[in-house]
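In: What would the 3D arrangement of this be:
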Amino acid sequence: MNIQLIKNRSDIGAGTRGSDMGIDAMEIAAINRGEDFFHSHLHVDVESHNESIYRKNTNPFAKRIEHVYEQCERVSTAVKTSINAGYFPIVLSGDHSSALGPFIGIKAANPEAVLGIVWLDAHADIHSPFTSASGNIHGMPLAAVLGKDNLEQQLNSIEPATEYFWRKIKNIGIIGPKIAPEHLVYFGLRDFEAAEAALIEQEGILHYRVDEMRMKGIEYCVRESLNRLNVCDLVYISFDVDSMDCDSISYGTGTPVPTGFYPTEIMQIFDLLMDSGKVSCVEFAEINPLLDNKGNKMAETAFEVLSFITRKLETDYVPAKRFSVQDS
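Out: Take a look at the predicted model:
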C-alpha cells in the first residue's frame, strides 16, 4: 500500500514550544541511519499558524483557538485528498491540538464508514475550555470529537469568542459528536485530571494503563479493544510519543510521564491493530527535540516506529474493506 506523509508542523496548542521541529528531528534521525526515507516517500507540507505565538493571546482557557480551528481544517483537507488519491496518510504533527483534523479527513473521504479512534497517549486529552486549567488545546481534541463540554466539572467561565470557536471546532465536518464514546480506546493512559477521569467513567470509555497491559498481556488487551471496535469500519490511531517511557527513552516531548511503553511494545500494539485491516490513518505527535536530554533520542525512537509501520503497510497490510473514493 502506498503511503503519503503529511507534515503538520503546528505547535500552537502546547504549553512548550519546540514540537514544530519534531519532523525535522525525525528526518535527521533517518539521515544518521543512512536511510533515504523522507526523500523516497511522497509528502505534503501543511501550512501552519506558528507565527501566532508572538501575538497576544485573547482566549486564556483555549489559547489560540481560532488558529487551531483553521489548522484542523487544513489537516482534514490534506488527509481527505490523500485518501481520495489512493494513499495511506501518515500525519506527522507538532503538538496534539490538531489531531481532530485527520479524523475529519478520514470521515470526509469515507462518509458512509463508522469510525473508531485508538489514542496512544499518557494523557486523556479530553478537556474542554470549561475544564482546562492550562488552556492548552493539545489537551482538548477528544472532547471536540465527542462533542463534550463536561459542564458538570466546569472550572472556567469562558469568553464569548472562545465559546464561538470551540463550537466551530466541535462542528468541523460533522455537526455534533463525531463518534460514540464506545468507539474510543486509550492505550497508556496514566496522567490525567479529575474532570477528565469523571468524563471517562461517566461515558464508559475503554482505557488501558501500561501496567495493566503488561499484566494482562498486550495481545489480550488489543484483541479486547478490537472487539469493542468491532462495529467500526475504519480506525484512526493517534500516537503521542509521551505514551512511551521517558526514563528509558528520553524527555524529548512536551509533557513526559514515567512508566510508559517501551518501543517494542508500541510496535506490537501497532502490529496487532493493523492486522485488523481497519487502520486508515496514523498520526505521530509531540516530539520535541528542544527538550531531549539524550541528544535526538526521542525522534530516533519515533522514526524506528515510523519505519516499522511503513514496512508493514508496504508489504503485508490488507485493508479489511474498501470504500468508494469520494470526489475531492
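
In: Looking at stretch 292-308 now, give me its mean pLDDT.
Out: Mean per-residue pLDDT for stretch 292-308: 98.

In: Show residues contacting it.
Out: The contact list for stretch 292-308 (C-beta atoms under 8 Å, 6 or more residues apart in numbering) reads 22, 25-26, 28-30, 32-33, 35, 37, 90, 92, 239, 241, 244, 249-253, 263, 266-267, 270-271, 284, 287-289. In this view, the C-beta of every residue, glycine as well, is placed from N, C-alpha and C.

In: Who are the contact partners of Leu100?
Out: Applying C-beta under 8 Å, 6+ apart, the residues contacting Leu100 are 72, 76, 141, 144-145, 169, 172, 178.

In: same thing with Glu163?
Out: Going by C-beta under 8 Å, 6+ apart, Glu163 touches Pro129.

In: looking at this, it is in a helix?
Out: Yes - under DSSP: H, G, I helix; E, B strand; the rest coil, Glu163 sits within a helix.

In: Which pLDDT value goes with it?
Out: Reading off the model, Glu163 has pLDDT 97.

In: how close does it get to Glu66?
Out: Here Glu163 is placed at a distance of 12 Å from Glu66 (C-beta to C-beta, to the nearest Å).

In: Also Gly277?
Out: Distance of Gly277 to Glu66, given as C-beta to C-beta: 38 Å.

In: Please say which of the two ends up with more neighbours.
Out: When Gly277 and Glu66 are compared for neighbours, Glu66 comes out ahead with 17 against 14, by other C-beta atoms under 10 Å.

In: In contact with Tyr69, which residues?
Out: Contact analysis of Tyr69 by C-beta under 8 Å, 6+ apart lists 165, 168-169, 172.

In: what's the helix or strand for it?
Out: helix 65-84 (DSSP states H and E).

In: Dump that helix to PDB, restricted to CA.
Out: Output of helix 65-84 as PDB, limited to C-alpha atoms (Å, rounded to 0.1, in the frame of the first residue of the first chain):
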ATOM      1  CA  ILE A  65      -8.200  28.500  19.400                       C
ATOM      2  CA  GLU A  66      -9.100  30.500  16.300                       C
ATOM      3  CA  HIS A  67      -5.800  29.300  14.700                       C
ATOM      4  CA  VAL A  68      -6.200  25.700  15.900                       C
ATOM      5  CA  TYR A  69      -9.600  25.600  14.300                       C
ATOM      6  CA  GLU A  70      -8.100  26.600  11.000                       C
ATOM      7  CA  GLN A  71      -5.200  24.100  11.400                       C
ATOM      8  CA  CYS A  72      -7.700  21.300  12.000                       C
ATOM      9  CA  GLU A  73      -9.400  22.200   8.700                       C
ATOM     10  CA  ARG A  74      -6.100  22.300   6.800                       C
ATOM     11  CA  VAL A  75      -5.100  18.900   8.100                       C
ATOM     12  CA  SER A  76      -8.500  17.500   7.400                       C
ATOM     13  CA  THR A  77      -8.300  18.600   3.800                       C
ATOM     14  CA  ALA A  78      -4.800  17.100   3.300                       C
ATOM     15  CA  VAL A  79      -5.900  13.700   4.700                       C
ATOM     16  CA  LYS A  80      -9.100  13.600   2.600                       C
ATOM     17  CA  THR A  81      -7.100  14.500  -0.500                       C
ATOM     18  CA  SER A  82      -4.500  11.800   0.300                       C
ATOM     19  CA  ILE A  83      -7.100   9.100   0.800                       C
ATOM     20  CA  ASN A  84      -9.000  10.000  -2.300                       C
END
